[in-house]
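Visitor: below is the sequence, then the predicted model.
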Amino acid sequence: MASLNYNCSVRQGFNFEKDRQVLVGHLVSLNIGGTELAADMTVTVPTDYSSASIVGLISDIDWRGGYADQINIASVVSTENQKAVSILTHTNLSSNKVVFKFNIYAYDQNAKVYYLAFNQTETALNGLIYKNNGELSLQIASDPDRQVVSPLNFPLYIGIMPQESAQTIKVAVSNTDKFVKSWGVTVGGT
């Protein structure tokens, strides 16, 4: 299975420049255990230069490409979202369910346009916080990131494995070459 890894520019995400063609990632929405993080960052959408409110900027996202493989997301979030996730990590989560949306934008050198290179279909993805050696893969920094100092933003890491349902993820390698991959497997009831 071919893996996917996108190392995105947080600087470009905060301060979009039309003449820089680097990967940009938006964490569009994120709900962890019933706690909806605020879409309180306003950024530029690379494909049409419109404004969008998002939860955070993705610095790195990877997926091995298998049905049961987790998606690992490293991003930066606002002070308010940092506080919300800190509370979750210091208390017992009543649920480890995750509902999320993301968009990774790449630049097509031939067409001279940005395109969506990696994202979910229209509906949000449903997952569970991945457990690694018995520990939940959910971390939030207590100190702000130094790459972009204003606005204050804090590194967030989450590993998400699929819930027991077949879902789809869109992948593109250019503005016109696109395909869909499955994430998760539907498991029949008893």
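Guide: Looks like it arrived, so ask away. Residues are numbered from 1 along each chain as shown.
Visitor: pull up the pairing partners for whichever strand in the chain runs longest, direction included.
Guide: Among the elements of the chain assigned as strand by DSSP state E, the one spanning the most residues is strand 97-108. Using DSSP bridges, the strands paired with strand 97-108 are strand 24-32 (antiparallel), strand 113-120 (antiparallel), strand 125-129 (antiparallel).
Visitor: next one: it to chain centre, how far?
Guide: Put simply, strand 97-108 sits 5 Å off its chain's centre (CA atoms, centre = their mean, to the nearest Å).
Visitor: that strand - what's its average pLDDT?
Guide: In this model, strand 97-108 carries a mean pLDDT of 98.
Visitor: can you list the strands paired with strand 97-108 in JSON lines and add distance to residue 85?
Guide: (Each C-beta comes from the backbone N, C-alpha and C, glycine too.) Listed next are the strands paired with strand 97-108 as JSON lines, based on distance: least, CB to CB, whole Å:
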{"stretch": "strand 24-32", "distance to residue 85": "7"}
{"stretch": "strand 113-120", "distance to residue 85": "21"}
{"stretch": "strand 125-129", "distance to residue 85": "11"}
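Visitor: who does the nearest residue to residue 50 once chain neighbours are set aside form a beta bridge with?
Guide: Nearest residue to residue 50, sequence neighbours excluded (CB to CB, 6 or more residues apart in numbering): residue 44, at 7.4 Å. When assigned by DSSP bridges, residue 44 has beta-bridge partners residue 51.
Visitor: number of nearby residues for the closest residue to residue 41 other than its chain neighbours?
Guide: Among residues not flanking residue 41 along the chain, residue 54 sits closest, at 5.3 Å (CB to CB, 6+ apart). Neighbour count for residue 54, taken as other CB atoms under 10 Å: 26.
Visitor: how about residue 54, what does it touch?
Guide: Residues near residue 54 by CB atoms under 8 Å, 6 or more residues apart in numbering: 26, 27, 28, 29, 39, 41, 42, 43.
Visitor: one more time with 10 Å, if that's ok
Guide: For residue 54, the contact set (CB atoms under 10 Å, 6 or more residues apart in numbering) comprises 13, 25-30, 37-43, 45, 75, 77, 101-103.
Visitor: can you pull out the helices in this structure?
Guide: For the chain, the helices defined by DSSP state H cover 10-14, 79-90.
Visitor: any stretches of the protein with poor pLDDT?
Guide: Scanning the chain for pLDDT under 70 picks out 1, 189-190.
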